[in-house]
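Colleague: Build the 3D model from these lines:
(one chain, ligands or ions: 2)
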Amino acid sequence: MRVLTRFMLSASDASHFPPPQFPEVAFLGRSNVGKSSVINSLLGQKVAKTSSTPGRTRSINFFEVRWPGKPAPELVFSDLPGYGYAKISKEISQEWPKFIEPYLRERPNLALCVALVDANVPTQESDRQMIAYLRETDRNYVVVATKTDKLSGNQLQRAVQNLREEYGEAKIVTFSAKSGKGREELWREIRASAEPADARE
Ligand code: GTP
Ligand code: MG
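Modeller: Ligands and ions are numbered 1, 2, ... in the order given. This next block holds a predicted model:
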């Protein structure tokens, strides 16, 4: 499936967010976990800036997603700033909750939160906190284990087992922006969250 996409705007406070017109899918996780890469992989285009320097994204970037032949956008993707990377100054890391938590709590059109965790590193306290927050606020979320191309089959199995133990009932998708693994599965989750009654292909 090929989608059309366009960068809409970048904003760090609610008064500048796009109107909550379309179901929105938020991508969140630690700095450098691969948020922008997952978005680009899903969209089949390099719309979200990726960087080997962690912490590049400092505001929420919104992208509209449209299916060919449809006149209006049907989804919005939001690329959130990363949290909890040691190399970012404490001050910036602590900035994170100021506009992200209200966004996660109050955004009325938020259909799905894609919570990214790096399959190559053990569970981080910041990941735990983020996922606990999604649970507390009753958000619909899916855990995506990123960069799985760096792991052998056995290592990946172990990583998934750890995530199951950690996050219990959560849906877990294993993903690689490099190989495309998990792309279709994540799209299914996204489509299901945005329009449960419509089995679009
Ligand atoms: P910030 O916006 O800085 O928080 O980072 P981000 O979470 O958006 O991560 P980004 O997509 O920019 O990727 C960070 C780095 O990880 C880049 O060097 C990517 O090339 C690399 N990367 C992302 N996804 C994958 C993947 O699936 N496999 C591998 N091997 N590397 C990846
Ligand atoms: Mg990014």
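Colleague: out of everything not next to it in sequence, what's closest to the residue of the chain at minimum distance from ligand 1?
Modeller: Nearest residue of the chain to ligand 1, counting by CB to the nearest ligand atom: residue 82, 2.8 Å away. For every residue, glycine as well, the C-beta is placed using N, CA and C. Leaving out its chain neighbours, the residue that sits closest to residue 82 by CB to CB, 6 or more residues apart in numbering is residue 31, at 3.0 Å.
Colleague: interface residues of the protein facing ligand 1?
Modeller: Listed as neighbours of ligand 1 in the chain under the rule CB under 6 Å from any ligand atom: 29, 31-37, 50-52, 54-57, 82, 146-147, 149-150, 176-178.
Colleague: what's around the residue nearest to residue 82, how many residues?
Modeller: Neighbourhood size, residue 31 [other CB atoms under 10 Å]: 23.
Colleague: same check, this time on residue 155
Modeller: 13.
Colleague: Can you verify it is assigned to a helix?
Modeller: Yes - assignment of residue 155 by DSSP: H, G, I helix; E, B strand; the rest coil places it within a helix.
Colleague: returning to what we had before: the residues of the chain next to ligand 1 in helices, which ones?
Modeller: Counting by DSSP state H, the residues of the chain next to ligand 1 place 35-37 in helices.
Colleague: any chance of these in a markdown table, plus pLDDT?
Modeller: Listed next are these as a markdown table, based on pLDDT from 0 to 100:
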| residue | pLDDT |
| --- | --- |
| 35 | 93 |
| 36 | 92 |
| 37 | 95 |
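Colleague: For those, which single residue is the most surrounded?
Modeller: Highest neighbour count within those: residue 35, with 27 neighbours (other CB under 10 Å).
Colleague: any idea how far the spatially most central residue of the chain is from residue 126?
Modeller: Per CA atoms, centre = their mean, the C-alpha nearest to the average position across the chain is that of residue 27, at 1.8 Å. Residue 27 is 16 Å from residue 126, where distance means CB to CB, to the nearest Å.
Colleague: Now do the strands in the protein.
Modeller: 4-11, 24-29, 60-66, 75-79, 110-118, 141-146, 172-174 (DSSP state E).
Colleague: lowest-pLDDT helix or strand in this protein?
Modeller: Lowest on mean pLDDT, DSSP states H and E among the helices and strands of the chain sits helix 90-106, with a mean of 72.
Colleague: Deepest-packed of the strands of the chain, please.
Modeller: Comparing the strands of the chain by mean neighbour count (mean count of other CB atoms under 10 Å), strand 24-29 ranks first with a mean of 26.
Colleague: what's the angle from that strand to strand 141-146?
Modeller: 50 degrees (axes from the mean of the first three to the mean of the last three CA atoms, to 10 degrees).
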